[in-house]
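Asker: Structure of the sequence below:
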Amino acid sequence: MAHLLGIERMSHSYPNRQVFSEVSLGISDGDRIGVVGRNGDGKSTLLSVIAGTLRPDEGKVTMRSGLRVGMLAQSDWMTDDATVQQTIVGDVDDHVWAREARIRDVVTGLVADLEWTAQVGSLSGGQRRRVALAALLVGEWDVVILDEPTNHLDVEGVNWLADHLRRRWPATSGALLVVTHDRWFLDEVSTDTWEVHDATVEPFEGGYAAYVLQRVERDRITATAESRRQNLLRKELAWLRRGAPARTTKPKFRVEAANQLIADEPEPRDPTRLHQLAVARLGRDVLEVEDASIAFGAAEVFDDVTWRIGPGDRFGLLGANGAGKTTLLKLLTGELDPVRGRVKRGVTVRLATLSQALAELEPVAHRRVADVLADRRSAYETAGRETSPAQLLERLGFTAAHLATPVRDLSGGQRRRLQFLLTLLDEPNVLILDEPTNDMDTDMLVAIEDLLDSWPGTLIVASHDRYLLERVTDDQYALIDGRLRHLPGGLEQYLQLARSRPAGTAGSPPEERSAPARSAGSPDARRLRKQIVGLERSMGRLTRAVVELEGQLAVHDPLDYGGMADLAAEADRQRAELSRLEEDWLTLSTEVEEA
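Answerer: The predicted structure is shown next:
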């Protein structure tokens, strides 16, 4: 494959630290490279050097003659007075750009819900980001460089972008370089991984799953002192191999080596034990939403939502931007009241929310981190052991020096991690996470997932991060066209439902969804949806029963053939019943769409 560009003996530093020291790298036709590393280690700096927008202190960047390089940076370069059309395709007439299949695909995939004549200055931050991404992708580039392209994209948008990048060039031409914390996206688009750490860049073969395996091997071989980090990565690898096998079927992933490494690694969490602990802390009643509707003026956000949340439930909440996820979470917390219906909370519920904003830290912004922690309890139990707040901070990437740092002087990612830790230290038994991956690098996401694995309470996560949802939740729901739908088929089912809707409806405001809103109020639709809710509750119970039976089989005495046979037969019976209910659910779902 032809060489496209390279950097030779590149060094760069800022006043307080060395970012890179004599780094040499090359990019060739067909390369699809994901860049990972901790926040602040230099990922964005590396992209800027390669793109030619930043001149390094030492070394040089060489490019093939005539090479076309396009980059999406994290900064916003657009002109507020320009229209969406001018920003994306310039002053070209519609009939001209519409002849280009690539441009039509980008416009439909990213900005179909935006007014073509709207000024960029009138758009939200997420809409501006999509316009900037579309403006880049309509161009013809030999190398595309993307810095956090999935920020502000919903699950459908991330799925579209991954598909577009896979199809953009033939397999042996073009090159992609991408920085993102979205691990599912990394695995979908990258065939190689660069890890930025300690002023260098270390290459690995394969996407995120293969990178995790090779990092574990590297740590084992070098016998590093980072034993805690190694254990977290083994846990991550075990989940990748057991819970998401599709991620590890790429040719470069060494399956046998992975199986050997995780042979003695337990499951990430024990659902039976966590459920028992949750019942002990919460009782049987947690949160119950019954026939609830929310509207702002004439705009109805969602209608006739019923959602029962029990002790130990781990639910993921999906939906396009603007679908009403944050509104539904505020309904659960009591920040909003329904215009119709009711919300019931158990008397023992202690609810905490990790919101998208960092407002919770504003009152303590002037105080040192150590002083803020001193106000909390002195010990926190995780995985059956007591851990001090300082030890938890270390697990979340803080050093001893950070303890003396005022909260306001922490980086965005550090403040986000501190916010998460303070939330846990308040000892809630119901935890709501609203887009928790903002400002997080992949290492910190692994550490947070590890803490959540041993957290014995009810967990609700609203996120566009597909990997996180599959990793920490057991069941998923989605707000689609003003209704809450259970997703027995997980995120793949959600994407299928999204593809079946008319183009442009995914992010449309509630007032534009008049047809679903009208059908939602019909008696037939209400009756069918109540039946669906009943089925979903039964399916949830059966799913938990199957998980518990499988756990019992895993630890049962293998010499007790009779006992093993009884457990296996019961598990098969529960699976068959679950399959039957899923078929009934699909039939009713079709009927309610037509009602």
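Asker: Can you give me the distance of the most centrally placed residue in the chain to D29?
Answerer: Using C-alpha atoms, centre = their mean, the residue of the chain that lies closest to the mean C-alpha position is D465, 1.4 Å off. From D465 across to D29, the span is 31 Å (C-beta to C-beta, to the nearest Å). From N, CA and C alone the C-beta is placed, and that goes for glycine too.
Asker: What strands line up against the strand or helix carrying F20, and which way round?
Answerer: For F20, the host element (DSSP states H and E) is strand 17-28. Taking DSSP bridges as the criterion, strand 17-28 pairs within the sheet with strand 3-14 (antiparallel).
Asker: then the strand it pairs with to PDB, C-alphas only?
Answerer: Below are the C-alpha coordinates for strand 3-14, written out as PDB (Å, rounded to 0.1, in the frame of the first residue of the first chain):
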ATOM      1  CA  HIS A   3       2.700   5.700   1.800                       C
ATOM      2  CA  LEU A   4       0.600   8.800   2.300                       C
ATOM      3  CA  LEU A   5       2.200  10.800   5.000                       C
ATOM      4  CA  GLY A   6       4.600  10.500   8.000                       C
ATOM      5  CA  ILE A   7       6.100  12.300  10.900                       C
ATOM      6  CA  GLU A   8       9.800  11.900  11.700                       C
ATOM      7  CA  ARG A   9      11.500  12.300  15.100                       C
ATOM      8  CA  MET A  10       8.700  14.700  16.200                       C
ATOM      9  CA  SER A  11       9.000  16.400  19.600                       C
ATOM     10  CA  HIS A  12       6.700  18.900  21.100                       C
ATOM     11  CA  SER A  13       6.200  20.500  24.500                       C
ATOM     12  CA  TYR A  14       4.200  23.000  26.400                       C
END
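Asker: can you pull the buried residues of stretch 458-473?
Answerer: By 16 or more other C-beta atoms under 10 Å, the buried positions in stretch 458-473 come out as 458-473.
Asker: just checking, which of these belong to strands?
Answerer: Judged by DSSP state E, these include 458-462 as members of strands.
Asker: low-confidence ranges in the stretch 1-150 of the chain?
Answerer: Counting by pLDDT under 70, the stretch 1-150 of the chain has low-confidence residues at 1.
Asker: The same query, at a cut-off of 90, please.
Answerer: Along the stretch 1-150 of the chain, segments meeting pLDDT under 90 span 1-2, 14-17, 38-41, 74-78, 91-102, 104, 108, 112-114, 116, 123-127.
Asker: would you list every one of the helices in it?
Answerer: With DSSP state H, counting those that start in this stretch, the ranges of helices along the stretch 1-150 of the chain come out as 43-51, 84-89, 94-97, 101-111, 125-137.
Asker: who wins for proximity to P558 among those helices?
Answerer: Among these, the nearest to P558 by C-beta to C-beta is helix 43-51 (48.2 Å).
Asker: Name the nearest of the buried residues of stretch 458-473 relative to V196.
Answerer: Closest approach to V196 among the buried residues of stretch 458-473 (C-beta to C-beta): Y467, at 19.8 Å.
Asker: quick one, what contacts that closest one?
Answerer: For Y467, the contact set (C-beta atoms under 8 Å, 6 or more residues apart in numbering) comprises 182-184.
Asker: same thing with D198?
Answerer: So D198 contacts D41 (C-beta under 8 Å, 6+ apart).
Asker: Check the gap between it and G37 for me.
Answerer: Noted for D198: a distance of 10 Å to G37, by C-beta to C-beta.
Asker: Let me see the contact set for the closest residue to L459 other than its chain neighbours.
Answerer: In space, L459 comes closest to R314 once its chain neighbours are excluded; the distance is 4.6 Å by C-beta to C-beta, 6 or more residues apart in numbering. By C-beta under 8 Å, 6+ apart, the contact set of R314 is 458-459, 461, 472-475.
Asker: what pLDDT does the residue nearest to the centre of the chain get?
Answerer: Note for D465: predicted pLDDT of 89.
Asker: Test my guess that it contacts T180.
Answerer: No - using C-beta atoms under 8 Å, D465 is not in contact with T180; the gap is 10.1 Å.
Asker: so what's D584 closest to, chain neighbours aside?
Answerer: L535 (5.9 Å).
Asker: How many residues are close by that neighbour?
Answerer: Counted with other C-beta atoms under 10 Å, the neighbours of L535 add up to 20.
Asker: Do I have it right that it meets R580?
Answerer: No - contact criterion C-beta under 8 Å: L535 and R580 do not qualify, at 10.2 Å.
Asker: follow-up on the earlier one: and the residue nearest to the centre of the chain, how close does it get to R471?
Answerer: Per C-beta to C-beta, D465 is found 9 Å from R471.
Asker: so Q356 sits in a helix?
Answerer: No - Q356 sits outside any helix when classified using DSSP: H, G, I helix; E, B strand; the rest coil, being coil.
Asker: which residues touch it?
Answerer: Applying C-beta under 8 Å, 6+ apart, we find Q356 in contact with 326, 434-435, 438.
Asker: Any chance of JSON lines for these, columns secondary structure?
Answerer: Shown next, in JSON lines, are the contacts of Q356 (three-state DSSP):
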{"residue": "T326", "secondary structure": "helix"}
{"residue": "D434", "secondary structure": "strand"}
{"residue": "E435", "secondary structure": "coil"}
{"residue": "N438", "secondary structure": "coil"}
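Asker: Redo those as CSV? Include pLDDT and neighbour count.
Answerer: Shown next, in CSV, are these (pLDDT from 0 to 100; neighbours: other C-beta atoms under 10 Å):
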residue, pLDDT, neighbour count
T326, 87, 19
D434, 87, 19
E435, 85, 16
N438, 72, 17
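Asker: Please identify which pair of those lies farthest apart.
Answerer: Across those (C-beta to C-beta), the longest gap, 13.1 Å, separates T326 and N438.
Asker: Quick one: closest of the helices of the stretch 1-150 of the chain to E492.
Answerer: Between E492 and these, the shortest separation by C-beta to C-beta is 18.5 Å, and it involves helix 101-111.
Asker: mind listing what's buried in that closest one?
Answerer: By 16+ other C-beta under 10 Å, the buried positions in helix 101-111 come out as 103, 105-107, 109-111.
Asker: Contacts for stretch 419-430, please.
Answerer: 278, 281-282, 286-287, 309, 348-354, 358, 360-361, 372-373, 376-377, 380, 389, 392-393, 396, 431, 436, 448, 451, 455, 457-458, 460.
Asker: Tell me where the stretch 251-400 of the chain has helices.
Answerer: Along the stretch 251-400 of the chain, the stretches classed as helices by DSSP H, counting those that start in this stretch are 255-261, 271-282, 325-333, 369-374, 389-395.
Asker: Residues in contact with the third one: which ones?
Answerer: Read that as helix 325-333. The contact list for helix 325-333 (C-beta under 8 Å, 6+ apart) reads 287, 289, 292, 294, 301-302, 305, 309, 317-319, 336-338, 343, 351, 353, 356, 432, 434, 460, 462, 479, 484.
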